[in-house]
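A.B. asks: Provided below for reference: sequence and predicted model.
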Amino acid sequence: MMRADIDVRVCEVGLRDGIQGIDQFFPTDKKKAWIRAEAAAGVREIEVCSFVPPSVSGQFVDCEEVVADALKLDNLTVSALVPNLRGAERGFATGVNKMNFVLSISESHNQANVRCSREDSLDRFRQIAELRGSTAENREVTLAVGLATALGCTIEGQVDPGEVVRIAERLLELGADELAVSDTVGYANPTQVRDVYRLLRRHLGDDVLLSAHFHDTRGLGLANVHAALNEGVRQFDASLAGLGGCPFAPGASGNIVMDDLVFMLEAMGLKTGVDLDALVVVREIVAAGLPNEPLLGAIAKAGLPKGFAAAHVAAATNF
Ligand code: ZN
């Protein structure tokens, strides 16, 4: 849940989304160090792994160990991606706080990404939600769903916003607690972001937690964040140093950069709870764990503006 002492919740996804496509194994001790340092910098939610079988990805063979270590930290929501019921069983066994399931709004993308139809994905989510409801302990776990390709698809091109609403309604009926509107391939523009959140609000009401998972593949990541802020969105995924490029465009950027996101929010007077100086230092752990990966981000390179004041020390909130 949103804590009253922050205005916007930022969620680190680099340890899952950022490294899932990287062949080089990120050492377990450095994953733990990254999580600890970023939590200490004030980030309240970190997606720490993906419960996929080792045959799918060797990057996540240490899920159980990484989750157990992260759960020792105070003030941190530990989340993990679960692709199916088997992954969710492993997730519940670890005591993870939140599980993220992903479904593509584009039928072709869902087939390409998880090799099943959207209907089959909805059925997988139904199984996970039933398992969540089966014990008091499981019911403590939050279930979020990423609406992948909600703003465009590399296979189908434009995506019908009506389909985003239709799938969102199905997921809520099945028990989803949060929906992350995801610009998986970085096609979105701010006007489109505004329109899709307005449409979702109109159909889903004010109580549904809608978050945002944006990519910066075409340079509009933070512009899209601003558009979502204007629509009342207060929870954003991002990846430290923009880790994890775009699998469809080699060399291009992927997830929005966490450090730049925090800078923008704090500069606008919105409290994230994150110490920007401490956050930027965490990049060194990422660099040490993945020496061949390019680290993105403008603030880390340019430094903070002279006279910059973080939101909690700024005189007034003007947003
Ligand atoms: Zn992403």
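C.D. replies: That came in fine, so what should we check first?
A.B. asks: report the buried residues of stretch 153-165.
C.D. replies: For stretch 153-165, a neighbour-count test (16 or more other C-beta atoms under 10 Å) marks 153, 154, 155, 159, 161, 163, 164, 165 as buried. For every residue, glycine as well, the C-beta is placed using N, CA and C.
A.B. asks: hmm, I was thinking of stretch 109-126
C.D. replies: 109, 110, 111, 113, 114, 118, 121, 122, 124, 125, 126.
A.B. asks: what's the answer for stretch 237-255, then?
C.D. replies: For stretch 237-255, by 16+ other C-beta under 10 Å, it's 237-246, 252-255.
A.B. asks: let me have these in CSV, extended by distance to residue 282, secondary structure and pLDDT.
C.D. replies: Formatted as CSV, the buried residues of stretch 237-255 follow (distance: C-beta to C-beta, whole Å; DSSP: H, G, I helix; E, B strand; the rest coil; pLDDT from 0 to 100):
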residue, distance to residue 282, secondary structure, pLDDT
237, 17, strand, 98
238, 13, strand, 98
239, 12, strand, 97
240, 6, helix, 98
241, 9, helix, 97
242, 13, helix, 96
243, 11, coil, 93
244, 16, coil, 84
245, 19, coil, 74
246, 23, coil, 69
252, 23, coil, 76
253, 19, coil, 84
254, 18, coil, 91
255, 15, strand, 95
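A.B. asks: how about the residues you listed in TSV, adding distance to the ion?
C.D. replies: Shown next, in TSV, are the buried residues of stretch 237-255 (distance: C-beta to the ion, whole Å):
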residue	distance to the ion
237	7
238	9
239	7
240	13
241	14
242	10
243	10
244	7
245	10
246	9
252	13
253	11
254	6
255	4
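A.B. asks: what's the closest of these to residue 174?
C.D. replies: Nearest to residue 174 out of the buried residues of stretch 237-255 is residue 237 (C-beta to C-beta; 21.7 Å).
A.B. asks: what's the separation between the residue nearest to that closest one when sequence neighbours are not counted and the ion?
C.D. replies: Excluding its sequence neighbours, the residue lying closest to residue 237 (C-beta to C-beta, 6 or more residues apart in numbering) is residue 213, at 4.2 Å. For residue 213, the distance to the ion equals 6 Å [C-beta to the ion, to the nearest Å].
A.B. asks: report the contact partners of residue 213.
C.D. replies: With contact set as C-beta atoms under 8 Å, 6 or more residues apart in numbering, residue 213 has these partners: 13, 146, 180, 181, 182, 183, 184, 236, 237, 255.
A.B. asks: CA atoms only: put the helix or strand bottoming out on mean pLDDT in the chain into PDB for me.
C.D. replies: Ranked by mean pLDDT, DSSP states H and E, the weakest helix or strand in the chain is helix 107-114, scoring a mean of 94. Extracted in PDB, the C-alpha atoms of helix 107-114 (Å, rounded to 0.1, in the frame of the first residue of the first chain):
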ATOM      1  CA  GLU A 107      -2.700 -11.800 -29.000                       C
ATOM      2  CA  SER A 108       0.300 -12.300 -31.300                       C
ATOM      3  CA  HIS A 109       2.700 -10.900 -28.700                       C
ATOM      4  CA  ASN A 110       1.300 -13.200 -26.000                       C
ATOM      5  CA  GLN A 111       1.800 -16.100 -28.300                       C
ATOM      6  CA  ALA A 112       5.400 -15.000 -29.000                       C
ATOM      7  CA  ASN A 113       6.200 -14.200 -25.400                       C
ATOM      8  CA  VAL A 114       4.600 -17.000 -23.400                       C
END
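A.B. asks: so that helix, near the ion or not?
C.D. replies: No. Counting by C-beta under 5 Å from the ion, the ion has no neighbours in helix 107-114; the shortest distance is 12.0 Å.
A.B. asks: nice, that's everything, thank you.
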